[in-house]
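[1] Build me a model from this:
(2 chains)
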2 protein chains.
Amino acid sequence: MIDFVRQMPAGDTHERSVCATCGFIDYQNPKIVVGSVVSHGGRILLCRRAIEPRQGFWTLPAGYLELGETAEEGARREALEEAEAAIAIDGLLAVFSLGRIGQIQLIFRASFEAAAEPHFAAGPESLEVALFEWDAIPRDRIAFPSVHWALSAWRDAEGRALGLPAGNPVETIVP
Amino acid sequence: MIDFVRQMPAGDTHERSVCATCGFIDYQNPKIVVGSVVSHGGRILLCRRAIEPRQGFWTLPAGYLELGETAEEGARREALEEAEAAIAIDGLLAVFSLGRIGQIQLIFRASFEAAAEPHFAAGPESLEVALFEWDAIPRDRIAFPSVHWALSAWRDAEGRALGLPAGNPVETIVP
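    As a prediction, this is how the structure comes out:
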């Protein structure tokens, strides 16, 4: 019988859900969302969500990081999946901590890999994908608060170099 | 009966462990480790591990991010727990992606909050805690490869401003 109770395991510093029958500890950890603010000539790439939650609202290309990929690889994959956009990352724009929903979001600043001929289109999770001038962003149709925060962070950082934190030695990324 | 098979759920892009009996999808996501390279007058704070894995080896104050805290709060908590050190974070030094063990590590650069009188001591998970001159770091007694990477990143960034990515609006951090 599974019967979870809140208790602090020996040696721990936080209460966990522990099965009163077998002692299994159900650790709940934050999940990692990776995404990017992709811009081109001052315009910003947004995707209109084809799926719930917030279907029909606009968001950045972003999603859960998968096992075996780097944060940058995950952000590039999400841009491909949701916007069919091959992107080049130039820095880490924001780290958002969403305690209530158990997420850490790593949001990169990016441009199109083929800057001369940027390609984008709606992937299966998007109804449409478009580049918006800053003043034309549909602010009342944005899917999540963190999209507003990321857009503000992008605007604040405009024209400034971002720190790109050090990453792994390349050969060490082993799925 | 629980009988997991690898298959790609409808609408997904990756294979998952799916229970053949009930359809439960066991998503495996990377976990987030937060830590810091804390320095004082060019010396670096290391903790000798009191626990497995790698008991007796030296590491940075670091550990799993808990639900409801920001990455910076997590790094500060770990420094308090493992080294009884109150630290001040000045930038994000590195983001390491450890696919094989399913971790993303966010490593900050930090100093002691009370720089005039730095305090540190072994917390329950440390055998001892010490400040090491760069050349005196016990390189053959380091617990994990990512500690070497973080130390190299710290050295590479010495004297340089780090980008501190934007964070949440303060009032939005809701556990």
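
[2] Could you see whether chain B lies near stretch A:79-90?
    Yes. With C-beta under 8 Å from any C-beta of the partner chain as the criterion, chain B is reached by stretch A:79-90 at residue A:81. Where C-beta positions appear, they are placed from N, C-alpha and C, glycine not excepted.

[3] any residue of stretch A:110-120 up close to chain B?
    No. With C-beta under 8 Å from any C-beta as the threshold, stretch A:110-120 lies outside contact range of chain B, at a closest distance of 13.8 Å.

[4] what's the spacing between the longest strand along chain A and its chain's center?
    As assigned by DSSP state E, the longest strand anywhere in chain A is strand A:87-98. Offset of strand A:87-98 from its chain centre (C-alpha atoms, centre = their mean, to the nearest Å): 8 Å.

[5] Just the buried positions in stretch A:124-138, please.
    Going by neighbour count (16 or more other C-beta atoms under 10 Å in any protein chain shown), the buried part of stretch A:124-138 is A:125-126, A:129-132, A:137.

[6] on that earlier part again, please work out the average pLDDT along the longest strand of chain A.
    Mean pLDDT, strand A:87-98: 91.

[7] in chain A, which spans are helices?
    Residue ranges of the helices in chain A, as given by DSSP state H, are A:71-83, A:145-156.

[8] looking at the ones you listed, which is buried most?
    With neighbours taken as mean count of other C-beta atoms under 10 Å in any protein chain shown, these reach their highest mean count in helix A:71-83, at a mean of 23.

[9] Off-centre distance for that one?
    The chain centre lies 9 Å from the centre of helix A:71-83; the measure is C-alpha atoms, centre = their mean.

[10] Where does the prediction get shaky in chain A?
    Within chain A, the stretches with pLDDT under 70 are A:1-3, A:164, A:170-175.

[11] give me the residue from it nearest chain B.
    Using C-beta to the nearest C-beta, the closest approach of chain A to chain B is made by residue A:163 at 2.1 Å.

[12] Show the contacting residues for the closest residue to that residue other than its chain neighbours.
    Of all residues not flanking residue A:163 in the chain, residue B:163 sits nearest, at 2.1 Å (C-beta to C-beta, 6 or more residues apart in numbering or on different chains). Residue B:163 is in contact with A:91-92, A:161-165, B:91-92, counting by C-beta atoms under 8 Å, 6 or more residues apart in numbering or on different chains.

[13] In TSV, list the residues you listed along with distance to residue B:25.
    Below are these laid out as TSV (distance: C-beta to C-beta, whole Å):
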residue	distance to residue B:25
A:91	34
A:92	30
A:161	41
A:162	36
A:163	37
A:164	34
A:165	32
B:91	38
B:92	32
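
[14] all strands in chain A, in order from the N-terminus.
    Secondary structure of chain A (DSSP E): strands at A:4-7, A:16-19, A:25-26, A:31-40, A:43-49, A:58-59, A:62-64, A:87-98, A:103-112, A:126-132.

[15] Output the contacting helices and strands for the first one.
    What that stands for is strand A:4-7. In terms of contacts (3 or more C-beta pairs under 8 Å, 6 or more residues apart in numbering or on different chains; DSSP states H and E), strand A:4-7 is packed against strand A:16-19.

[16] partners of the strand it packs on in the sheet?
    Here strand A:16-19 is paired, per DSSP bridges, with strand A:4-7 (antiparallel), strand A:25-26 (antiparallel).

[17] next one: the shortest one to chain centre, how far?
    It stands for strand A:25-26. Strand A:25-26 sits 26 Å away from the centroid of its parent chain (C-alpha atoms, centre = their mean).

[18] and what of stretch A:148-163?
    15 Å.

[19] export it as PDB, just CAs?
    Provided in PDB are the C-alpha atoms of stretch A:148-163 (Å, rounded to 0.1, in the frame of the first residue of the first chain):
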ATOM      1  CA  HIS A 148       7.100  39.300 -20.400                       C
ATOM      2  CA  TRP A 149      10.200  39.100 -18.100                       C
ATOM      3  CA  ALA A 150      12.300  37.600 -20.800                       C
ATOM      4  CA  LEU A 151      11.300  40.300 -23.300                       C
ATOM      5  CA  SER A 152      12.100  43.000 -20.700                       C
ATOM      6  CA  ALA A 153      15.500  41.300 -20.100                       C
ATOM      7  CA  TRP A 154      16.200  41.300 -23.800                       C
ATOM      8  CA  ARG A 155      15.300  45.000 -24.100                       C
ATOM      9  CA  ASP A 156      17.400  45.900 -21.100                       C
ATOM     10  CA  ALA A 157      20.400  44.000 -22.500                       C
ATOM     11  CA  GLU A 158      20.100  45.400 -26.000                       C
ATOM     12  CA  GLY A 159      23.400  46.500 -27.400                       C
ATOM     13  CA  ARG A 160      25.300  45.000 -24.400                       C
ATOM     14  CA  ALA A 161      27.500  41.900 -24.400                       C
ATOM     15  CA  LEU A 162      26.100  39.100 -22.300                       C
ATOM     16  CA  GLY A 163      28.200  36.900 -20.200                       C
END
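
[20] contacting residues for residue A:155?
    By C-beta under 8 Å, 6+ apart, the residues touching residue A:155 are residue A:134.

[21] ok, now the one 10 residues further on?
    Contacts were defined as C-beta under 8 Å, 6+ apart; by that measure residue A:165 touches A:92, B:92-95, B:107, B:153, B:162-163.

[22] Perfect, I'm done here.
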